Structures are given as structure tokens and as C-alpha cells.
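> Give me a model of this one.
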Amino acid sequence: MRLTPDASGVFPIAPTPFNPDGSIDWNSADRLFEFYHDIGSDGVTVLGIMGEAPKLEPEESVGLVKRAVAKMGGKPIIVGVSAPGFAAMRSLARQVMDLGAGGVMIAPPPSLRTDDQITGYYAQAVEAIGTDIPFVIQDYPLTLSVVMTPAVIRKIVMDNPSCVMLKHEDWPGLEKISALRKFQAEGSLRPISIVTGNGGLFLDFEMERGADGANTGYAFPELLIDVVRLQKAGKRDAAHDIFDVHLPLMRYEQQQGVGLTVRKYTLMKRGILSHDAQRKPGSVLSAAARAEVDYLLARIAKHDPRAKF
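Residues are numbered from 1 along each chain as shown. Purely as a prediction, here's the structure:
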């Protein structure tokens, strides 16, 4: 299914499963995509930053997309295609769309500084991949060092009809969501899907500011689905209650350098991944860190039976 501006819900960022020797664990990849489908995810994102995309060979990247398409039952597959040059970006984008992906996600290179440079880059990227491919803007200044104002995002969206979604993970970023929705209400911004990142750390209030859902990773993506569903149903207190149960583990996952390892360790304990390995260079959890994660999981399990395993 192709991605559209009215897309909403949860699109988890899929970690790439590896064996201890660094090869891709294809069996775990199949289980992971089946899990995302079965819990009610509205789609999935592969080859994201937390998917260790830069560590993959081109044929491995395509292989993951093939498996996602096969296991997600027609739900939209968003594929990260960011690359240093447009030739590689175009090649991957065209390949994955031919395989059945729903759209691609493009992050700005860290060298961009001015508003004109940012808008010009996206214009060139769209020219390279083709105006027929739906694309997602990735706004992630904490990692990419590229600051996009609401006005810059509006210009990218209005200049490029194939832009259907913003992955918003500025921090702090609640006011940016409000500003974009104000533009839309005033008529200066066409409708666009806004989904949020940052490991879900602010999802409770992002939904209240006008986000359509989440496009991020967490070891319990069911929690993200719960929060989105409850907020859309107007059940504010219930959304915050379940969110608060998971917040300590979500916070622990946000540690730079080890967050992905924490997530993979938890998914391994849940039986979804066979290993918590990363492809080198990567981090390894210490015995103390594993004990801390186990403690947090035990606390969550007192209120959420999905953490009992």
C-alpha cells in the first residue's frame, strides 16, 4: 500500500536482527515483521537510523524490504533511503518501490545549514528519485544537526506534492507540531501526516498537539499503539496512565550509544529476536545494565502483563 497524507497510527522502526557473527538473522527478521503485523501496527519502517542501515550491504537492504513486504499484509512499508549521493538514493528508492514499499524516508545531510540549502536539497532529492514516489521528511536535528523551522517544513511540503509525511523528532518539539497544524488550519499548509520519533518519549503530549501517530522504536510497540488509540478516542487519562508505566524503560532506551542494545535485549527476552547483537561497530550491554533492564521490566510487569515473560 502506498503512503498517503492521511496516514495515521504507529509505524515502528524495525531494528535489523543480527547473529553473533554479524550476519543477518533472517529468521528473526521474519518473526519481527510478523509480530509488528499481529499487534496491529499500521505499517513499519525499515532501514532507519536505528535499523543500522549504514552497516548493510545493498543486497541485504533489499532483502529486508522484501521480507517486510511479504510479512506485513499490504500495510505501508516506509524505507529509509538516505545516502551521501543521489545516485544511490535513486537506485534504492526505485528498487524498493518496485518491490511493493509504500514510500521512502529522506533525512537531510548534516552539512546543510541555511533554509535555502535545506529546501534546495529536498527539491533535488525529489528530482532524483522521481515525483511519483511518496516521501517522508525526517526532521531529527539532535542527530543530524540540521534545524528545520516550521516555515521551512511548510515550504518543502508545498513545493513537493509527493511529500506525504513528516517524521517529527525535534526536541523540544511540541510547539513545532502546534505551529504546523496552525499553518494547516489557516490554509497555508496542505494536509500532511505528522508522526513522531524520539523513542516515543513525548508521544503522550505529541498526540494532544496534533500528531497522527508514531514512527519510532520501542521494545513494546504495543504501548505506542495503545497511547495513539486511547488519545484518538479521547481517553486522555487512560493514555497517560499506561504511558507512565513504560516511561522509565523508554527513558533508559534513550541513552546515546546503548539505547539500541537495550531495545534488542528486551526484544530478545520477549522471544522476538534470537540475539541482541549489533553489527560492528556496536555496543554490548554490561551485566549491570542487563540487571537494570530486568528490574525495569519487572516493575512494568506489575501493571502490564505483556512484560511478564
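> burial measure for residue 240, as a count.
17 (other Cβ atoms under 10 Å). Glycine gets a C-beta too; all of them are placed from N, C-alpha and C.
> got a list of contacts for the helix or strand where it lies?
Remark: residue 240 resides in helix 236-253, with elements defined by DSSP states H and E. Residues outside helix 236-253 that contact it (Cβ atoms under 8 Å, 6 or more residues apart in numbering) are 199-201, 203-204, 207-208, 218-220, 223, 226-227, 230-231, 259, 262-263, 266, 292-293, 296-297, 299-300, 303-304.
> Now list the buried members of those residues.
The neighbour-count test (16 or more other Cβ atoms under 10 Å) applied to the contacts of helix 236-253 identifies 199-201, 203-204, 207, 218-220, 223, 226-227, 230-231, 259, 262-263, 266, 292-293, 296-297, 300, 304 as buried.
> Show me these that map onto strands.
Using DSSP state E to define strands, no part of those is located there.
> right, and residue 307 touches residue 301 too?
Yes - contact criterion Cβ atoms under 8 Å: residue 307 and residue 301 qualify, at 4.0 Å.
> between the two, who's got more neighbours?
residue 307 (22 against 14).
> Could you pull up the contacting residues of that one?
Residue 307 touches 220, 297-298, 300-301, counting by Cβ under 8 Å, 6+ apart.
> Of all pairs in the residues you listed, which one is the farthest apart?
Spanning the widest gap among these are 220 and 298, at 14.1 Å by Cβ to Cβ.
> what ranges do the strands span in the chain?
Taking DSSP E as the criterion, the chain carries its strands at 9-10, 44-46, 77-80, 103-106, 135-139, 163-168, 193-196, 213-214.
> Tell me what angle the longest one forms with strand 135-139.
Which is strand 163-168. With axes from the mean of the first three to the mean of the last three Cα atoms, to 10 degrees applied, the angle from strand 163-168 to strand 135-139 works out at 20 degrees.
> Using PDB, write down the CA coordinates of strand 163-168.
As requested, C-alpha coordinates have been extracted for strand 163-168 and formatted as PDB (Å, rounded to 0.1, in the frame of the first residue of the first chain):
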ATOM      1  CA  CYS A 163       5.800  14.800   0.300                       C
ATOM      2  CA  VAL A 164       3.100  12.900   2.300                       C
ATOM      3  CA  MET A 165       4.500  12.700   5.800                       C
ATOM      4  CA  LEU A 166       6.800  14.400   8.300                       C
ATOM      5  CA  LYS A 167       8.700  12.300  10.800                       C
ATOM      6  CA  HIS A 168       9.000  14.900  13.600                       C
END
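> List the buried residues in that strand.
Neighbour count says strand 163-168 has 163-168 buried, by 16+ other Cβ under 10 Å.
> Would you reformat the residues you listed as a markdown table and include pLDDT?
As requested, the buried residues of strand 163-168 are arranged in a markdown table below (pLDDT from 0 to 100):
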| residue | pLDDT |
| --- | --- |
| 163 | 98 |
| 164 | 98 |
| 165 | 98 |
| 166 | 98 |
| 167 | 98 |
| 168 | 97 |
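> Using JSON lines, please lay out the residues you listed together with distance to residue 67.
Output for those, formatted as JSON lines (distance: Cβ to Cβ, whole Å):
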{"residue": "163", "distance to residue 67": "27"}
{"residue": "164", "distance to residue 67": "24"}
{"residue": "165", "distance to residue 67": "22"}
{"residue": "166", "distance to residue 67": "27"}
{"residue": "167", "distance to residue 67": "22"}
{"residue": "168", "distance to residue 67": "28"}
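> Which single one of the contacts of residue 307 is nearest to residue 134?
Distance to residue 134 across the contacts of residue 307 (Cβ to Cβ) is lowest for residue 220, with 28.4 Å.
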